[in-house]
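**Q** sharing a model that was predicted from the sequence below.
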Amino acid sequence: MQLLRGAVKHAGSGVETLTSAVRGFGSSSQHFRTSPPPSCTDADPPKVLITGGLGQLGVGLAKLLRRRFGKSNVILSDIRKPPSHVYHNGPFIFSDILDYKNLREIVVNNNISWLVHYSAVLSAVGENNFALAREVNITGLHNILDIATEHGLRVFVPSTIGAFGPSSPRDPAPELCVQRPRTIYGVSKVHAELMGEYYHHRYGLDFRCLRYPGIISADSQPGGGTTDYAVQIFHAAVKTGRFECNLRSDTRLPMMYIDDCLRATLEFLEAPAESLLGRTYNINATSFTPRDLVREIQKGLPDLEVTYNVDPIRQAIADGWPMALEDTAARRDWGWKHEYGLAKLVRTMLTHIATGNQLAQTH
């Protein structure tokens, strides 16, 4: 047996815990006893497992999938105790992606047919803890791919703008180009893209991957990424009217409102396999700089004051990322279309945060 020990943090959940993950060599991907892919119809919806479910995206995706497939058919999982409202809104279980036996039991015992893999250590956090990022983002991924292949699952693994590097075309970044990222987060995502496509071609795994832009949401806190400023600024604007930005004012990056991101993920998961000419797709919505975002927010909150205190690590990461993603293939192959530009995104975020603050004050 191979014993992996360490302080394991799933950045999707934003917590640290001590854990030991045990995996037997007998589970190696070299000898799969593959099951046929489960068939899912309206009468027999998929059973979905979401790993890293307490992060920025998992709770929202679970809510969307439960509306589509039924509450009992979507299981949220993480390595920490969920908030009360999450626990009572549908099935939640403990799942550590580094514990191969535990993960395999969950898939078998719950008849899982789709697996959404959100557990990850994000860009800025990963640069401060390389060993942790490598263990979670690479070893954890291998467990996911092995189990998904053995049991005939449809597996979704998100990628990111961080999968590109300084030598990549930046405006826009095409799907196929030189990538060569310089962060462990980006390297692990390129690894995930290539390993997933290898498993698809070698073993027939139904692997699906979207390269997400920076995701902006009002209901959940960011998890240590380089684009976090674009979420934090809204909360600061409503609560204090002041914000200190850790990127230069002219740093242009691709961004997306969470509703577009989650809808894209569901539409991609539901797309017929025969319509997919690739297995990894870019998706794009809007691109802006901190200066652009501040000006748009000031249309609704004119007293907002913003200063800049550049974090050299995050700035160096952002300078190697695309300014926009070229997503013609997603629009052609499975009908992707975004709904939120910058103006609509800002109006929606300010409304959600202001409403949430009012509700909190009344209680």
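**A** Sure, I can see it.

**Q** for the stretch 151-300 of the chain, which segments count as strands?
**A** Per DSSP state E, counting those that start in this stretch, the stretch 151-300 of the chain carries strands over the ranges 154-156, 159-160, 206-212, 214-216, 242-245, 253-257, 280-282, 286-288.

**Q** which residues touch stretch 257-270?
**A** 56-57, 60-61, 64-65, 68, 114, 116, 154, 156, 158, 208, 210, 212, 215-217, 219, 281, 283, 285, 330, 334-336, 338-340, 344-345, 348-349 (C-beta atoms under 8 Å, 6 or more residues apart in numbering). In this view, the C-beta of every residue, glycine as well, is placed from N, C-alpha and C.

**Q** give me the mean pLDDT for the helix or strand containing residue 105.
**A** Assessed by DSSP states H and E, residue 105 sits inside helix 100-109. Mean pLDDT, helix 100-109: 97.

**Q** just name whatever secondary elements that helix is in contact with.
**A** Secondary-structure packing of helix 100-109 (3 or more C-beta pairs under 8 Å, 6 or more residues apart in numbering; DSSP states H and E): strand 15-23, helix 140-150.

**Q** mind checking which of the contacts of stretch 257-270 are buried?
**A** 56-57, 60-61, 64-65, 114, 116, 154, 156, 158, 208, 210, 212, 215-217, 281, 283, 285, 330, 334, 336, 338, 340, 345, 348-349 (16 or more other C-beta atoms under 10 Å).

**Q** next, format the strands of the stretch 151-300 of the chain as TSV and append mean pLDDT.
**A** Converted to TSV, these look like this (pLDDT from 0 to 100):
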stretch	mean pLDDT
strand 154-156	98
strand 159-160	96
strand 206-212	98
strand 214-216	94
strand 242-245	97
strand 253-257	98
strand 280-282	98
strand 286-288	98
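
**Q** can I get the ones you listed in TSV with distance to residue 355?
**A** Below are these laid out as TSV (distance: least, C-beta to C-beta, whole Å):
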stretch	distance to residue 355
strand 154-156	31
strand 159-160	30
strand 206-212	26
strand 214-216	16
strand 242-245	20
strand 253-257	16
strand 280-282	33
strand 286-288	23
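
**Q** quick one, which of these gets closest to residue 139.
**A** strand 154-156 (16.1 Å; C-beta to C-beta).

**Q** distance between the helix holding residue 105 and the chain's centre?
**A** Computed by C-alpha atoms, centre = their mean, to the nearest Å, the chain-centroid distance of helix 100-109 equals 22 Å.

**Q** repeat for stretch 214-228
**A** Distance, centroid of stretch 214-228 to centroid of chain: 10 Å (C-alpha atoms, centre = their mean).

**Q** what's the neighbour count on residue 93?
**A** Using other C-beta atoms under 10 Å, residue 93 has 15 other residues around it.

**Q** quick check: it touching residue 77?
**A** Yes: using C-beta atoms under 8 Å, residue 93 is in contact with residue 77, at 5.1 Å.

**Q** find residues that contact each of these two.
**A** residue 106.

**Q** picking up where we left off before, out of the buried ones among the contacts of stretch 257-270, which are inside helices?
**A** 60, 61, 64, 65, 330, 345, 348, 349 (DSSP state H).

**Q** closest one of those residues to residue 175?
**A** Nearest to residue 175 among these is residue 330, at 8.8 Å by C-beta to C-beta.

**Q** quick one: residues contacting that closest one.
**A** With C-beta under 8 Å, 6+ apart, residue 330 has these contacts: 210, 264, 268, 281, 282, 283, 336.

**Q** perfect, I'm done here.
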